[in-house]
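Here's my sequence, what's the structure:
(one chain, ligands or ions: 1)
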Amino acid sequence: MAKARILVVEDEKDILDLIEMNLEREGYKVKCVENGEDCIKAAREKLPDLIILDLMLPGMDGLDVCRIIKNDSKTRHIPVIMLTAKGEESDVITGLEMGADDYMTKPFSPKVLIARVKAVLRKVSMASGDEGVIRKKDLIIDQGRREVICKGKKIDLTFTEFELLYLFSRRPGWVFTRNQIVQAVKGDGYPVTERAVDVQIVGLRKKLGESGELIETIRGVGYRFKD
Ligand code: CA
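This next block holds a predicted model:
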């Protein structure tokens, strides 16, 4: 698996450098910003796998940043670890209630930071196995919310189109035969024919625009989601 991309927001340069150095040493791809506005911009542009967010920032504070990130359908799945100074316990509670995943009180040891980062990423990857949030290039497929976001824009899919996309994207590189697809997406008393699958896929690809190319036709066999 590719190493996670981590966005770090901290206005104190020494701490920012320390965090960056330690994360990079672990192989993470790190992007550092020094204020809340840049954090939100970077989060929306690059959709990091994790945000480390200092609460005390100049201008927009960390809680506002957290609120905005957690209220935006494009970024709300990104886990957030808050950094706080002693005495900010009430802010910590507010942040956790807004959807932050964890917090650390400064000063902290780099070892503890790395352990927390790993724990949060592990938790998220396990949860996404359950709730089914799949990301591939410009696409986010969220089974829990039955939502597909493409380049930050919500795509309206029919029930069957969503089922098809979710089925394929869960096993990239795997070739599904038409019959397997029919078996997988049919509901109780809701027959689906192989021909109907083809028609649905035409519609699905159209709605996905460029990302529709992720669904490949395997001639004479069925379909495959690009690995
Ligand atoms: Ca600060």
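
So what's the residue count around Glu89?
Residues within reach of Glu89, counting by other CB atoms under 10 Å, total 11. (Each C-beta comes from the backbone N, C-alpha and C, glycine too.)

again with Val92
18.

Just the element for the closest residue to it other than its chain neighbours, please.
Using CB to CB, 6 or more residues apart in numbering and skipping the chain neighbours, the partner closest in space to Val92 is Tyr103 (5.0 Å). Assigned by DSSP states H and E, Tyr103 falls within strand 102-105.

And that strand, what does it pack against?
strand 80-84, helix 89-98, helix 110-131 (3 or more CB pairs under 8 Å, 6 or more residues apart in numbering; DSSP states H and E).

May I have the strands that pair with that strand, each with its orientation?
strand 80-84 (parallel) (DSSP bridges).

to the chain's geometric centre, what's the distance from the strand it pairs with?
When C-alpha coordinates are averaged (CA atoms, centre = their mean, to the nearest Å), strand 80-84 and its chain have centres 18 Å apart.

That strand vs the ion: in contact?
No: between strand 80-84 and the ion, judged by CB under 5 Å from the ion, nothing touches; the nearest distance is 7.6 Å.

in this structure, what residue is nearest the ion?
Distances between the chain and the ion by CB to the ion are smallest at Met56, namely 3.9 Å.

Can you report phi and psi for the spatially closest residue to Ile141 that is not a sequence neighbour?
Spatial nearest neighbour of Ile141, excluding adjacent residues (CB to CB, 6+ apart): Ile134 at 4.4 Å. Ile134 adopts backbone torsions of phi -110, psi 130, taken as degrees, to the nearest 10.

mind showing which ranges of this protein have poor pLDDT?
Scanning the chain for pLDDT under 70 picks out 1-2, 125-131, 187-191.

Flag every residue of it that's near the ion.
Residues of the chain lying near the ion (CB under 5 Å from the ion): Asp11, Asp54, Met56.

wait, isn't the first one in contact with Pro58?
Yes: under the contact definition of CB atoms under 8 Å, Asp11 touches Pro58, with a separation of 5.6 Å.

hey, what's in contact with both of these two?
The contact sets of Asp11 and Pro58 overlap at Asn35 (CB atoms under 8 Å, 6 or more residues apart in numbering).

which one of these two has more residues nearby?
Each of Asp11 and Pro58 has its neighbours counted (other CB under 10 Å); Asp11 has more, 16 against 9.

Disregarding flanking residues, what is the spatial nearest neighbour of the more buried one?
Distances taken as CB to CB, 6+ apart place Glu34 nearest to Asp11, at 4.9 Å, with adjacent residues excluded.

Highest mean neighbour count across the helices and strands packed on strand 102-105, which stretch is it?
strand 80-84 (a mean of 23; mean count of other CB atoms under 10 Å).

How many residues are close by the nearest residue to Ile149 once chain neighbours are set aside?
Spatial nearest neighbour of Ile149, excluding adjacent residues (CB to CB, 6+ apart): Ile140 at 4.2 Å. Residues lying near Ile140 (other CB under 10 Å) number 22.

circling back: compute the distance between the residue nearest to Val92 and Leu121, please.
Going from Tyr103 to Leu121 by CB to CB, to the nearest Å gives 16 Å.

No more questions from me, cheers.
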